[in-house]
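Colleague: build the 3D model from these lines:
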Amino acid sequence: MASFFWTKLLPFVIILVLLETPDPGRATWWYMSQLPIQALALVHNGAICGNIPGLIGRQRRLCRAHPDVMISVIDGAKLGVQECQYQFRSNRWNCSTSERDSSVFGKIMLKVIYYPFVVSNYSVNTEVGSREAAFVYGISTAGVVHAITRACSKGELLNCACDPTKVGFGKDKRGSFEWGGCSDNVMYGSRFARKFVDARETDKRDARALMNMHNNRAGRRAVRKSRKLECKCHGVSGSCALRTCWLAMHDFRQVGNMLRERYNGATQVMMDQTGTGLIVSHLNHKKPTRSDLVYFEGSPDYCVQDPVTASGHRGGLKKCLAFQDSPGSTGYAR
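Modeller: Down below sits the predicted model:
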């Protein structure tokens, strides 16, 4: 009976759960981070690629064409969320997520703009262009690159192997060495992540899309920059007369630390006059590099008025919510 459930009924149960996700119009590919472990088998055979909220046509086609890689995309999405929550664990906003919100990060990433004079009760969901949004885009993309590259090095992907460019001889501060072992193929992971994650942005090409793609690129570059050279010595009595070396990714925590530093030094930008690029909002700020994070607007205080404390018992304090429509709280602020 149990075997029948797992093979016959489970796919339909998972699909029903996915289809019942509230407000699919707010969904993004980040929703993959909320998929249950049981769904991985269905993704592997492409069974639910057309039913995952937030994926656009190009992403669904990639899901069906590369089901093995999509497992790593899901792992990367989860990795990005976990690292985001670690990096902001002591902040008012701590990267909280909601399983029943298809935008995953809720009001932190989306705001509602009302137009009372246009049509009665007419409103539009629009993305928040804050530093926090910039970090989420960067760390999410980095997680996908890292997970795909790791799976590639383990031989879990059909069309990916060790970095084919690391052959022959190289040189570092210690002298010459021979490339050997299995260098992590970060370029494969980076190319697939760009193709999948940037798919929604390349269809729009507006100011926010440019911001998102810039921060996605910063995430990909953070993984590439985090690689380290590892070597093995060969020679009599450990003389290290010959070294065999390979490039390996650092633990993802280092990528998270790097992007957190980029978050702290993020640059505020705006659309240029041609409508095709971004420029700094303040003349005294330097132009951001391809590795920097960029944002459009200041961050909210991530606190909402507490109806209990606002009555005067605690001086009208605001309750600081990690996720404004969740029960979690990180303290109070005046």
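Colleague: now do the contacts for the closest residue to residue 95 other than its chain neighbours.
Modeller: Of all residues not flanking residue 95 in the chain, residue 84 sits nearest, at 3.9 Å (C-beta to C-beta, 6 or more residues apart in numbering). C-beta coordinates here come from the backbone N, C-alpha and C atoms, glycine included. By C-beta atoms under 8 Å, 6 or more residues apart in numbering, the contact set of residue 84 is 95, 135, 136, 139, 140, 256.
Colleague: do residue 192 as well
Modeller: Counting by C-beta under 8 Å, 6+ apart, residue 192 has contacts 62, 66, 69, 144, 148.
Colleague: one more time with 7 Å
Modeller: 69, 148 (C-beta atoms under 7 Å, 6 or more residues apart in numbering).
Colleague: how about residue 148?
Modeller: 69, 72, 76, 189, 192, 193.
Colleague: which parts of the host helix or strand of the first one are buried?
Modeller: With elements taken from DSSP states H and E, the one containing residue 69 is helix 67-87. Neighbour-count burial for helix 67-87 flags 67, 69-84, 87 (criterion: 16 or more other C-beta atoms under 10 Å).
Colleague: which residue lies nearest the spatial centre of the protein?
Modeller: Closest to where the C-alpha atoms of the chain average out (C-alpha atoms, centre = their mean) is residue 140, at 0.7 Å.
Colleague: which one is that one nearest to, not counting chain neighbours?
Modeller: In space, residue 140 is closest to residue 80, 3.9 Å off (C-beta to C-beta, 6+ apart).
Colleague: residue 267 now?
Modeller: Nearest to residue 267 is residue 288, by C-beta to C-beta, 6+ apart, at 4.2 Å.
Colleague: so that neighbour makes contact with residue 281?
Modeller: No: with contact defined as C-beta atoms under 7 Å, residue 288 does not count as touching residue 281 (11.0 Å).
Colleague: need phi/psi at residue 232.
Modeller: phi -130, psi 130 (degrees, to the nearest 10).
Colleague: how long is stretch 231-249 from one end to the other?
Modeller: 13 Å (C-alpha to C-alpha, to the nearest Å).
Colleague: hang on, the earlier thing: tell me the secondary structure at the residue nearest to the centre of the chain.
Modeller: helix (DSSP: H, G, I helix; E, B strand; the rest coil).
Colleague: okay, the residue nearest to residue 267: pLDDT?
Modeller: In the predicted model, residue 288 carries a pLDDT score of 92.
Colleague: in what helix or strand does it lie?
Modeller: Assigned by DSSP H and E, residue 288 falls outside every helix and strand.
Colleague: and it, how far from residue 214?
Modeller: In this structure, residue 288 and residue 214 are separated by 8 Å, where distance is defined by C-beta to C-beta, to the nearest Å.
Colleague: more crowded one of the two?
Modeller: Using other C-beta atoms under 10 Å, the more surrounded residue of residue 288 and residue 214 is residue 214, with 23 against 20.
Colleague: doesn't residue 294 make contact with that one?
Modeller: Yes: Residue 214 is within contact range of residue 294, at 5.3 Å (criterion: C-beta under 7 Å).
Colleague: residue 105 contacts residue 136, correct?
Modeller: Yes: Residue 105 is in contact with residue 136 according to C-beta under 7 Å; the separation is 6.4 Å.
Colleague: tell me, how many residues neighbour residue 166?
Modeller: 17.
Colleague: now do the phi/psi pair for it.
Modeller: Per degrees, to the nearest 10, the backbone of residue 166 is at phi -90, psi 80.
Colleague: noted, bye for now.
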